[in-house]
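Asker: heads up, no residue letters with this:
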């Protein structure tokens, strides 16, 4: 994963652009892990507007950066998109969509976004994963 930092910067910018197109604020993260099992990874994140989401009538204030990394943690264990339902969420996970992953040339690639509805978070994450998968 020699060029991870450069590729991650491009992936995060693509995610930011997609989030802006969808009128979303939140947190984007990308990560890469060598091998078939996640034992360590390199990651980068980017705040798009704010990494907290104001409280609403239904929800308290939320740290969307924490949620994005929770999505990534779920994927690291299941090697499936977050919210896939392959197993019940573990403590610390939410089981929410918004994280996507793929096998790269030398390991696993992850992208997650949190800040909007799950389907929109997936669209933002897919923009980042496409950049990672094309290079790594």
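Answerer: That came through fine. From a predicted model like this one, the values you see are computed outputs, not experimental measurements.
Asker: Would you mind pulling up the elements that the host helix or strand of residue 73 packs against?
Answerer: Secondary structure assignment for residue 73, by DSSP states H and E: helix 64-78. The contact analysis (3 or more C-beta pairs under 8 Å, 6 or more residues apart in numbering; DSSP states H and E) places helix 64-78 against strand 26-34, strand 42-48, strand 99-103, strand 107-114. Where C-beta positions appear, they are placed from N, C-alpha and C, glycine not excepted.
Asker: most tightly surrounded among those strands?
Answerer: Neighbour counts (mean count of other C-beta atoms under 10 Å) averaged over each of those peak at strand 107-114, with a mean of 28.
Asker: If I take the helix or strand just after that one and strand 107-114, what angle do their directions form?
Answerer: Proceeding N to C from strand 107-114, the next assigned helix or strand is helix 118-135, under DSSP H and E. Between the axes of helix 118-135 and strand 107-114, defined by axes from the mean of the first three to the mean of the last three C-alpha atoms, to 10 degrees, the angle is 150 degrees.
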